[in-house]
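Trainee: this is the structure alone, sequence omitted:
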């Protein structure tokens, strides 16, 4: 089998690295507007939009921190600190190891900042070196960039490699409480952010987030099952069978990416040709895929538990079209692509097969979002 690491490349050129991070800052900002647009058209609920927007904001903060870490890449800083490692073949995103290293750095951010000169001191030393020695203060610039990196990490709210489940109350009807669970991972197999949202009915004696036994077990179970290769049906059934008083009613999984760019990625397929033909200016030569899978419970059955008891089990609705429900393990799957105006024009002209059912969100530099 091919080694996926062969598809990883380090951005060792300073200008290329900065363009890459600017591109992702633009994309994540547009994604927040696209999420609001999806809510307006009823594709996603308001509660889900808030959750998704929070994770997208976390991605924005993560890329901002990494941009500070690698701000001086390719220049002689007096210290070798590597370069951003990205997946050019499959995802277009940084490899998962970057986020793992960042999580370790975050644990030590306070001690690093305590031993570094302040930003004002570093800038004062830069001025003196420029005016006195007539030199570019590269080493001081590097020191300042690393300080800003650790400052970003200390602010938190990042998208980490593992973002453990959280639980939010929705409503209470009699002895049933409804909760919205959400969690996210940065999948190391595909190097993409993946967001999970599950609506659960709780019939236990103690509310789930206050239950000292069930809640840690549920969190561990969900994180262990958060693999892109698993079908939603497998995840939901496993949760339903392992927790007799927790009933998953709706499960959504969102894949953010891949990101396509004629300047940085080498994915195959029609989008590569579209971006090459568009010849867009810097910052506009990209497209981002967005896939949402949903699984809904359509009925409830009861089965025996122990000698005298019975428990509820969910019956999940599978995609009725084309006999693919069992194959996809989802009730429905929707695909979308977000891209600037010029690539969209080329995509519409070429009209490649397979894109008829893909929603297109076209974004402008002014922030406007149009759906086609």
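Mentor: Done, it's in. Please read all numbers here as calculations on a predicted model, not as lab measurements.
Trainee: poorly predicted segments of the stretch 51-200 of the chain, please.
Mentor: 76-81 (pLDDT under 70).
Trainee: kindly recompute the last result at 90.
Mentor: The stretch 51-200 of the chain contains residues with pLDDT under 90 at 71-84, 86, 88-91, 132-139, 141-142, 156, 174-175.
Trainee: pLDDT weak spots in the stretch 251-372 of the chain?
Mentor: Scanning the stretch 251-372 of the chain for pLDDT under 90 picks out 257, 261-285, 299-312, 314, 318-329, 350-357, 364-372.
Trainee: any chance you could map the helices in it?
Mentor: With DSSP state H, counting those that start in this stretch as the criterion, the stretch 251-372 of the chain has helices at 270-278, 325-328, 341-350.
Trainee: so can I have CSV of those showing mean neighbour count?
Mentor: In this view, the C-beta of every residue, glycine as well, is placed from N, C-alpha and C. As requested, the helices of the stretch 251-372 of the chain are exported to CSV (neighbours: other CB atoms under 10 Å):
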stretch, mean neighbour count
helix 270-278, 19
helix 325-328, 14
helix 341-350, 17
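Trainee: for this structure, which helix is longest?
Mentor: When the chain is parsed with DSSP state H, its longest helix is helix 14-40.
Trainee: what would the helices of the stretch 251-372 of the chain look like in CSV with distance to residue 153?
Mentor: Below are these laid out as CSV (distance: least, CB to CB, whole Å):
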stretch, distance to residue 153
helix 270-278, 33
helix 325-328, 38
helix 341-350, 34
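Trainee: how about these, which one is nearest residue 293?
Mentor: Among those, the nearest to residue 293 by CB to CB is helix 325-328 (7.6 Å).
Trainee: how about residue 302: what's its closest non-neighbour residue?
Mentor: Excluding the flanking residues, the one nearest residue 302 by CB to CB, 6 or more residues apart in numbering is residue 310, at 4.5 Å.
Trainee: how about residue 151?
Mentor: Going by CB to CB, 6+ apart, residue 151 has residue 113 as its nearest residue, at 6.8 Å.
Trainee: relative to the whole chain's centre, how far out is the helix or strand hosting that neighbour?
Mentor: In this assignment (DSSP states H and E), residue 113 forms part of helix 109-114. Its chain's C-alpha centre and that of helix 109-114 lie 27 Å apart, by CA atoms, centre = their mean, to the nearest Å.
Trainee: beyond that helix, next helix or strand please.
Mentor: In N-to-C order, the element after helix 109-114 by DSSP H and E is helix 119-128.
Trainee: what lies in contact with that next one?
Mentor: 117, 137, 140-141, 143-144, 147-148 (CB atoms under 8 Å, 6 or more residues apart in numbering).
Trainee: turn those into TSV, columns for secondary structure, neighbour count and distance to residue 24.
Mentor: Below are the contacts of helix 119-128 laid out as TSV (DSSP: H, G, I helix; E, B strand; the rest coil; neighbours: other CB atoms under 10 Å; distance: CB to CB, whole Å):
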residue	secondary structure	neighbour count	distance to residue 24
117	coil	14	30
137	coil	18	28
140	helix	22	27
141	helix	17	22
143	helix	22	25
144	helix	23	22
147	helix	19	22
148	helix	18	17
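Trainee: tell me, how many residues neighbour residue 255?
Mentor: 19 (other CB atoms under 10 Å).
Trainee: which residues touch it?
Mentor: Residue 255 touches 192-194, 228, 289-292, counting by CB under 8 Å, 6+ apart.
Trainee: and for it, nearest residue in space, chain neighbours not counted?
Mentor: Spatial nearest neighbour of residue 255, excluding adjacent residues (CB to CB, 6+ apart): residue 291 at 4.4 Å.
Trainee: from residue 310, how far out is the one you found?
Mentor: 37 Å (CB to CB, to the nearest Å).
Trainee: who has more neighbours, those two?
Mentor: More crowded of residue 291 and residue 310, by other CB under 10 Å: residue 291, with 18 against 12.
Trainee: the more buried one against residue 337, yeah?
Mentor: No: contact criterion CB atoms under 8 Å: residue 291 and residue 337 do not qualify, at 9.7 Å.
Trainee: can you read off the pLDDT for the closest residue to residue 45 other than its chain neighbours?
Mentor: Distance criterion CB to CB, 6+ apart; nearest residue to residue 45, sequence neighbours excluded, is residue 39 at 7.2 Å. pLDDT for residue 39: 88.
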